[in-house]
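[1] just a sequence and a predicted model for now, questions to come.
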Amino acid sequence: MHPAISVIFFTVTSGAGFGLIALLGLGWPMRDGLVPAFLVALLAGGLAAAGLVSSTFHLGHPERAWRAFSQWRSSWLSREGVLAVATLLLFAAYSLTWMFAGVRLTALGYLVAALALATVLATGMIYASLKSIPQWHGVLTPLCYLAFSLASAALLAGAAGVGADLSGIGVAWIGLAGLVLAWAIKLAWWRRAGAIGFSATGSDTGTATGLGKLGRVRLLERPHTGENYLTREMVHRIGRKHAAKLRAIALVAGFAVPSVLCLIALLGAVNLAFAVAALSLAVGLFAERWLFFAEAQHSVSLYYD
Amino acid sequence: MTSLPARTDKKLGLAIDLDICVGCHACVVSCKEWNTGGYGSALGDADPYGDTPEGAWLNRIHTFEVTPPDAPAQIVHFPKSCLHCEDAPCVTVCPTGASYKRGEDGIVLVDESMCIGCGLCAWACPYGAREMDPVAKVMKKCTLCVDRIYNDNIPEVDRVPSCVRTCPANARHFGDFADPDSAVSRMTAERGGFELMPEMATKPVNRYLPPRPKARAVQEAQPNGGAQAADGFLGWLDRALERLG
């Protein structure tokens, strides 16, 4: 699949933003007061909103994007839009009462957290619901999105939060646990994706053409000499060329560096260490997300070989 | 509304005869011609007179080589367009309601004025039946020539999809698959017509009729083949050369 930069940017930043909104809603301790509360709310809401805005850049008609709120009954993309806007509106109410009244409303916070996590789940389900891309079509895909969202959020919360301790548990350990969990799920995802190809559906050029019953089938000639929308969008191969290097970058920048920084945070300079860790994870996730698209094989490639 | 209809009164679609198709691409061109002036915006092309022309087409012909285990390879020309699936995944993923399947005849259409050009429907289609228009930036797909088949302003003989009307070999047939007595249903039953990728659970309406079994020539002894020893001059030459080492 063609890796669109706007969609990669969207999934990484809005994942981190909605994850942070969820942690704030759950009551992650932060400094109170108008300005500190405003800055934290701006960070979380800004990341989530920036992602949403960037996701409209790949649309053919962004001016009609509002129509995407209408089909929540059947479409995960529509559900994601509805949930994202609902989350941001309620998070705005939560942040305003926090900023001006100095109160963090517990029940509203829990509702905001549930909606934020549901938004990230919906993002994952957009991809997981596509049977035409067997590597995406599974429960591990939304789990990956959720886990990376929470891991990013834990590092961001560590960077913006107060102290190194969260009701007796070191924030560094929470960040480290988030990283280990997220990458464990991702490793399982990579292992499954590498193993299945199209075998999850049993599809091959024989079933795609229905001619497999007659004998061995191979493409002799494409329908046209140049490229087309399908070959550029779904039979994309260039991005896979550096897969091994990108995987290494994802693991070093997304796991090794932030893990070491979490351990450094145990010694001191908590906020700075977590801020650098969060940035490094974002770099790693850009590589991870690029591969998520570039390595995915769509069944239409069976007609193009 | 992107929820699928529980059932459709008719199941209009195509039966495509792979035994007959000669791969002339006439249906491809006539489809482009009709649909660039018909339903919706023109079927756009990017760089049409330049070095790398490309554009949106609703029907394309691939050519495959099939090699049976016990016979020489044969060529199969393979026209591919929207299959108007009963369980169309392209419809349910649409966030705006632009993609829909009609309850009366089962045709899958795009309302271009509502399409935001996100491309998710093209990702959801296992067959590659949808293409983004490079000029209008909306999704394009086969309409089964909905602006021909019900059109009282054209002669009755022309009220079939453009590809069907054009095919010089009569490899494409249009009809109602919900009616077991329709011509397309009967030829599908007689010839063992099949669906593409049934494992994707999309329940396509269109059917493909397989190539008929080829008459096979009786296997004759191959001249000078295998272990058989030649005689006459060639045999002498063979033996002479062998002796040289």
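    Great, that's in hand.

[2] nearest to chain B: which residue in chain A?
    residue A:60 (2.0 Å; C-beta to the nearest C-beta). C-beta coordinates here come from the backbone N, C-alpha and C atoms, glycine included.

[3] from residue A:229, how far off is that residue?
    11 Å (C-beta to C-beta, to the nearest Å).

[4] list residues touching both of the two?
    The overlap between the contact sets of residue A:60 and residue A:229 (C-beta atoms under 8 Å, 6 or more residues apart in numbering or on different chains) consists of residue B:132.

[5] and the residue of chain A closest to chain B, backbone torsions?
    With angles defined as degrees, to the nearest 10, residue A:60 sits at phi -70, psi -30.

[6] what's near enough to touch it?
    Taking C-beta under 8 Å, 6+ apart as the test, what residue A:60 contacts is B:115-119, B:132, B:136-138.

[7] give me the distance between it and residue A:82.
    For residue A:60, the distance to residue A:82 - C-beta to C-beta - is 21 Å.

[8] now residue A:134
    For residue A:134, the distance to residue A:82 - C-beta to C-beta - is 28 Å.

[9] got the residues of the stretch 1-150 of chain A near chain B?
    Applying C-beta under 8 Å from any C-beta of the partner chain, we find that the stretch 1-150 of chain A lies next to chain B at A:1, A:58-62, A:64-65, A:67-71, A:73-78, A:81, A:126, A:129-133.

[10] restricted to buried residues, select the residues you listed in PyMOL.
    The following PyMOL line selects those of the residues of the stretch 1-150 of chain A next to chain B that are buried, judged by 16 or more other C-beta atoms under 10 Å in any protein chain shown:
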select buried, chain A and resi 1+58+59+60+61+62+64+65+67+68+70+71+74+75+76+77+78+81+126+129+130+131+132+133
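
[11] from chain B, which residue is nearest to chain A?
    residue B:117 (2.0 Å).

[12] quick check: that residue touching residue B:139?
    Yes. Residue B:117 is within contact range of residue B:139, at 6.8 Å (criterion: C-beta atoms under 8 Å).

[13] overlap of the contact sets of the two?
    residue B:132.

[14] so how far is stretch A:213-230 from its chain's centroid?
    34 Å (C-alpha atoms, centre = their mean, to the nearest Å).

[15] and if you look at stretch B:32-46?
    Distance, centroid of stretch B:32-46 to centroid of chain: 19 Å (C-alpha atoms, centre = their mean).

[16] end to end, how far does that stretch reach?
    One end of stretch B:32-46 sits 14 Å from the other (C-alpha to C-alpha, to the nearest Å).

[17] what about residue B:36, neighbour count?
    15 (other C-beta atoms under 10 Å in any protein chain shown).

[18] you'd agree it is in a strand?
    No. Per DSSP: H, G, I helix; E, B strand; the rest coil, residue B:36 lies outside any strand segment and is helix.

[19] distance check, it against residue B:29.
    Distance from residue B:36 to residue B:29, by C-beta to C-beta: 11 Å.

[20] which pair in the contacts of residue A:60 spans the largest distance?
    B:118 and B:136 (14.4 Å; C-beta to C-beta).

[21] who's more crowded, these two?
    residue B:118 (27 against 19).

[22] which non-adjacent residue is nearest that one?
    residue A:59 (5.5 Å; C-beta to C-beta, 6 or more residues apart in numbering or on different chains).

[23] circling back: quick one: contacts for the residue of chain B closest to chain A?
    A:59-61, B:132, B:137-139.

[24] could you export the helix or strand bottoming out on mean pLDDT in chain B as PDB, CA atoms only?
    Lowest mean confidence among the helices and strands of chain B (mean pLDDT, DSSP states H and E): helix B:232-243, at a mean of 87. Written as PDB, here are the backbone C-alpha positions of helix B:232-243 (Å, rounded to 0.1, in the frame of the first residue of the first chain):
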ATOM      1  CA  GLY B 232      19.900 -43.300 -41.700                       C
ATOM      2  CA  PHE B 233      22.300 -40.400 -42.200                       C
ATOM      3  CA  LEU B 234      21.400 -38.600 -39.000                       C
ATOM      4  CA  GLY B 235      22.000 -41.900 -37.100                       C
ATOM      5  CA  TRP B 236      25.400 -42.300 -38.700                       C
ATOM      6  CA  LEU B 237      26.300 -38.700 -37.900                       C
ATOM      7  CA  ASP B 238      25.100 -39.100 -34.300                       C
ATOM      8  CA  ARG B 239      27.200 -42.200 -33.800                       C
ATOM      9  CA  ALA B 240      30.200 -40.600 -35.500                       C
ATOM     10  CA  LEU B 241      30.100 -37.600 -33.200                       C
ATOM     11  CA  GLU B 242      29.700 -39.800 -30.200                       C
ATOM     12  CA  ARG B 243      32.900 -41.600 -31.100                       C
END
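
[25] relative to the whole chain's centre, how far out is it?
    For helix B:232-243 - counting by C-alpha atoms, centre = their mean - the centre lies 55 Å from the chain centre.

[26] could you point out which element follows the helix or strand hosting residue A:261?
    Assigned by DSSP states H and E, residue A:261 falls within helix A:257-267. Downstream of helix A:257-267, the next assigned helix or strand under DSSP H and E is helix A:270-294.

[27] is that next one up against chain B anywhere?
    No. Helix A:270-294 is not in contact with chain B by C-beta under 8 Å from any C-beta; minimum separation 10.5 Å.

[28] so which bits of that helix are buried?
    Buried, per 16+ other C-beta under 10 Å, within helix A:270-294: A:270, A:273-294.

[29] just say helix, strand or coil for the residue of chain B closest to chain A.
    coil.

[30] same check on the one 10 residues further on?
    Here residue B:127 is coil, with the state taken from three-state DSSP.
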